[in-house]
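Asker: This is a predicted model, with the sequence first.
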Amino acid sequence: MQSYQLFINVTKEINLKVGKLGKLGKFIFPVGSYVYTGSAKKNIDKRIKRHLSKKKKLHWHIDYLLNNDAVQIINTKKSQMTECNLNKKTKGTIIIDGFGSSDCNLSCKSHLKFKGN
């Protein structure tokens, strides 16, 4: 299994419901840069291409954020590290507990980290 990171820029503050996390209400995503860490069992390039597309069924937490017009992926990076190990090595602030980490095996609080402005 390969992992990847999406480097994301949010150009205006977003108030958004995120999939099943939406039962907790809406979340505020401040303006700035973020890093999302994910993985794919097979065909990581196809997974990344899906994330880059605006036309898709909203399935994963990250889909809800990426679907917003104020959000763009500015870079991607693939890694041989496991998703959770890569995430743990990534600096940043957790602003939403549980985001992208529902299948986490290292007790990550979130796989989305806010890097700041």
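Answerer: Looks like it came in fine. Numbers count the residues shown, from 1 in each chain.
Asker: tell me, how many neighbours does L6 end up with?
Answerer: Applying other C-beta atoms under 10 Å, we find 21 residues neighbouring L6. In short, each C-beta sits where N, CA and C put it, glycine included.
Asker: Look at the residue nearest the centre of the chain and give its secondary structure.
Answerer: Note on the chain: the residue nearest the mean C-alpha position is Y36, at 3.4 Å, using C-alpha atoms, centre = their mean. When classified by DSSP: H, G, I helix; E, B strand; the rest coil, Y36 comes out as strand.
Asker: what's across from it in the sheet?
Answerer: Beta-bridge pairing of Y36 under DSSP bridges involves L6, L112.
Asker: 27 is where my numbering starts, stick with that
Answerer: Sounds good: first residue 27 from here, last item Y62.
Asker: Settle this for me: it is touching V36, isn't it.
Answerer: No - under the criterion of C-beta atoms under 8 Å, Y62 is not in contact with V36, lying 11.6 Å apart.
Asker: From Q106, how far out is F125?
Answerer: Counting by C-beta to C-beta, to the nearest Å, the gap from F125 to Q106 is 24 Å.
Asker: the more surrounded of those two?
Answerer: Taking neighbours as other C-beta under 10 Å, F125 and Q106 compare with F125 leading, 25 against 8.
Asker: what helix or strand does Y30 sit in?
Answerer: Y30 is located in strand 28-36, with elements delineated by DSSP states H and E.
Asker: Tell me the buried residues in that strand?
Answerer: Neighbour counts over strand 28-36 (16 or more other C-beta atoms under 10 Å) mark Q28, S29, Y30, Q31, L32, I34, V36 as buried.
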